[in-house]
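Trainee: Show me the folded form of this:
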Amino acid sequence: MLQQDRHQRIQALLAGDGLATTERIANELGVSRETVRRDVLALEAAGQLRRVFGGVMACETAAEPPLAQRTRTNALDKRAIVRAAARLPQPGQSLFIDAGSTVSMLAQELASLRDFTVITNSFDVALKLAGPTLDGGSPRHQVHVLGGRPRPELAANYGDATVAEVMRWRVDWALLSPVGVEAHMGASSFDPSEAELARAMVRQARRTVLLADHSKIGVCARVAFCGIEQVHQLITNKKARDSAALDALANAGCALTLV
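Mentor: From the prediction side, this is the model:
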């Protein structure tokens, strides 16, 4: 596992419980305690966590890394995932897309297709899909940006008004990228407002597809928004193949696609 993958996994563990022992991190990552020590020192220097006796805890100010940084993490794996996801909806269908690095890549894939109605809270997703064709013709898709309170660090709108707008729609697909997916907790997010929005999208969609690279499999973030029984399909990459957490998801009845 690459260093950036380990760092992302450690941060995801802390997003769920706020505290993790060195032993648990070593077991989850399948690495030595010395490797964990080096990773913890690097993350502490970056202000992402704080060392405590026997392990580490999340800093109160710690949050998900910026969108541009997350887009570079596991980029090839995410690209394979979004290519598989882009083949699911058919022209004329409607889609909810939330905000995040993976769905930002998904928007790039969908931009070359035609005739989707896309409802999103993400500025980045909306801008990638709302542009005209290369020859200057009309936009390829109908794009609706959900209102609400802008969160510049996430480049998206959130809040009660955003959720209320979601409830006005009934769509064919919700294409969502959670912070973590785990057999018992289901899909979860780092932030309550992100989870609330995703929960509404799941409720108003006929099918929900989760886009999650291997570093998110088996991770429980702070707030659950979707049970495994509500997931039409989970698309992840082949690095998750030998994961006990992936086996648990399959045993829980989750339909899996590995790319």
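
Trainee: How about His144: what's its closest non-neighbour residue?
Mentor: Taking Cβ to Cβ, 6 or more residues apart in numbering as the measure, His144 lies nearest to Ile119, with 4.8 Å between them; neighbours along the chain are not counted. Glycine gets a C-beta too; all of them are placed from N, C-alpha and C.

Trainee: do Asp160 as well
Mentor: Spatially, and ignoring its direct neighbours in sequence, Asp160 is nearest to Gly148 (7.6 Å; Cβ to Cβ, 6+ apart).

Trainee: And Asp77, by the same measure?
Mentor: The nearest residue in space to Asp77 (Cβ to Cβ, 6+ apart) is Asn237, at 4.1 Å.

Trainee: Just the pLDDT at the one you found, thanks.
Mentor: On pLDDT, Asn237 comes in at 95.

Trainee: For Pro91, see how far away it is.
Mentor: The spacing between Asn237 and Pro91, counted by Cβ to Cβ, to the nearest Å, is 27 Å.

Trainee: now swap in Leu127 and tell me
Mentor: Note on Leu127: its distance to Pro91, by Cβ to Cβ, is 21 Å.

Trainee: What of Phe225?
Mentor: In this structure, Phe225 and Pro91 are 29 Å apart, going by Cβ to Cβ.

Trainee: what's the longest helix in this protein?
Mentor: helix 3-17 (DSSP state H).

Trainee: Flag every buried residue along that helix.
Mentor: 5-16 (16 or more other Cβ atoms under 10 Å).

Trainee: Okay, now the unreliable bits of the protein?
Mentor: Using pLDDT under 70 as the threshold, the predicted model of the chain has low-confidence ranges 16-17, 53, 60-74, 132-137.

Trainee: which residue ranges form the helices in it?
Mentor: Secondary structure of the chain (DSSP H): helices at 3-17, 22-29, 33-45, 67-72, 75-86, 101-110, 123-130, 160-166, 192-204, 244-251.

Trainee: Out of those helices, which gets nearest to Asp172?
Mentor: Between Asp172 and the helices of the chain, the tightest spacing by Cβ to Cβ is seen for helix 192-204, at 10.6 Å.

Trainee: for the closest one, which positions count as buried?
Mentor: In helix 192-204, residues buried by neighbour count (16+ other Cβ under 10 Å) are 193-204.

Trainee: Need the nearest residue in space to Ala130, chain neighbours excluded.
Mentor: Spatial nearest neighbour of Ala130, excluding adjacent residues (Cβ to Cβ, 6+ apart): Val143 at 4.3 Å.

Trainee: Correction: the previous question concerned Val163.
Mentor: Counting by Cβ to Cβ, 6+ apart, Ala200 is the residue found nearest to Val163 once chain neighbours are left out, at 4.8 Å.
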